[in-house]
Structures are given as C-alpha cells and as structure tokens.
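Trainee: missing the sequence, but the structure's below:
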C-alpha cells in the first residue's frame, strides 16, 4: 500500500534541513491527511506562497509606519521588492507543478529562494534589522527549500 498523509510527509521530509518544520508545514492543511506525493507538492508550494504573501503584507504595514530609521526603510524596501517577486515565482511554480512541468518548478523555486536570500542579506548587512521579518524570512526559505526537495522527488 502506498504511503499517504503524515507517513508520506515524514518520508518526503527525511532530507530536509529542519525535518520537524517540514512535516508540520506539509501536514498543516486538512487535505494532507490523505494526500499523495503530488498533492503534498501542491501543499508545500501553497504554504510557501501563503507565507510569502503574508510576509509581503507585513513588510507593507511596516513601511507605513512613520519615523522609520533610514537603514530599516531601505531594508524593508528591498525585501518588499524581493517578496513581490517571490510571490509571482511561487504562483508560477504552482501552475507549473499542476502541469507536471517539474523543471520549470525547479527554476521558479530557485528564483524565489534567491529572493528570500537577498532579503536575508539586506537584513544582515545593514543597521536596519527587523527581528520579526528575519524570522518570517527564515521560515520562507525553509518552506521553499522543502518544496524544492519534494519537487526533486516528484521529478520522473
């Protein structure tokens, strides 16, 4: 019998940087209970996309605050652009996965990861840091890397 749900998530997450985080994110949706590997791939991308959208909204709300330090404002501006691009890349990745275009998923997920890493660089290299954004960005990178790992497993 083929594995589904949490047992399958545990198998798919074996090589994740953070196995517990990977399993938790994959099984966070109700449909994960009976999900096959392709469906868990869709869930992984959906969770990453939701995270990116939420982070983008968080950044926008921070940018509306008055009297931001210039260094923090620059960092938030950069990260805002990165996250707008990442959301688009994840939307494209999801469409590609649904079309079984695994190579395209790989390309777009790697681009989204690059966007997250650029935000991470801005956060670490400038005086203007935001601990909540750093936490969200770390989670975003984990989600994208886990989705990439699953895509690699799904690729025939």
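Mentor: Happy to help now that I have it. None of these values were measured; they are calculated from a predicted model.
Trainee: what's residue 109 in contact with, if anything?
Mentor: 45, 89, 90, 93, 144, 147, 148, 151 (Cβ atoms under 8 Å, 6 or more residues apart in numbering). To be clear about C-beta, it is placed using only N, CA and C from the backbone, and glycine gets the same treatment.
Trainee: From what I see, the first one and residue 93 are in contact.
Mentor: Yes - judged on Cβ atoms under 8 Å, residue 45 makes contact with residue 93 at a distance of 5.5 Å.
Trainee: Check the residue nearest to residue 102 when sequence neighbours are not counted and give its pLDDT.
Mentor: Once flanking residues are discounted, residue 102 sits nearest to residue 155: 4.1 Å by Cβ to Cβ, 6 or more residues apart in numbering. Per-residue pLDDT puts residue 155 at 89.
Trainee: What are the phi and psi values at residue 155?
Mentor: When read as degrees, to the nearest 10, the backbone of residue 155 gives phi -60, psi 120.
Trainee: next one: residue 18
Mentor: Dihedral pair for residue 18: phi -140, psi 90, per degrees, to the nearest 10.
Trainee: Tell me where the model's unsure across the protein.
Mentor: 1-2 (pLDDT under 70).
Trainee: What sits closest to residue 127 if chain neighbours are left out?
Mentor: residue 71 (4.2 Å).
Trainee: mind listing the helices for the protein?
Mentor: Along the chain, the stretches classed as helices by DSSP state H are 5-12, 19-26, 37-63, 70-98, 102-125, 131-154.
Trainee: which helices and strands does the first one pack with?
Mentor: Looking back up the chat, that one is helix 5-12. Other elements packing on helix 5-12 under the criterion 3 or more Cβ pairs under 8 Å, 6 or more residues apart in numbering; DSSP states H and E are helix 19-26, helix 37-63, helix 131-154.
Trainee: okay if I get those helices as JSON lines plus distance to residue 125 and mean neighbour count?
Mentor: What follows is the helices and strands packed on helix 5-12, written out as JSON lines (distance: least, Cβ to Cβ, whole Å; neighbours: other Cβ atoms under 10 Å):
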{"stretch": "helix 19-26", "distance to residue 125": "25", "mean neighbour count": "19"}
{"stretch": "helix 37-63", "distance to residue 125": "17", "mean neighbour count": "20"}
{"stretch": "helix 131-154", "distance to residue 125": "12", "mean neighbour count": "20"}
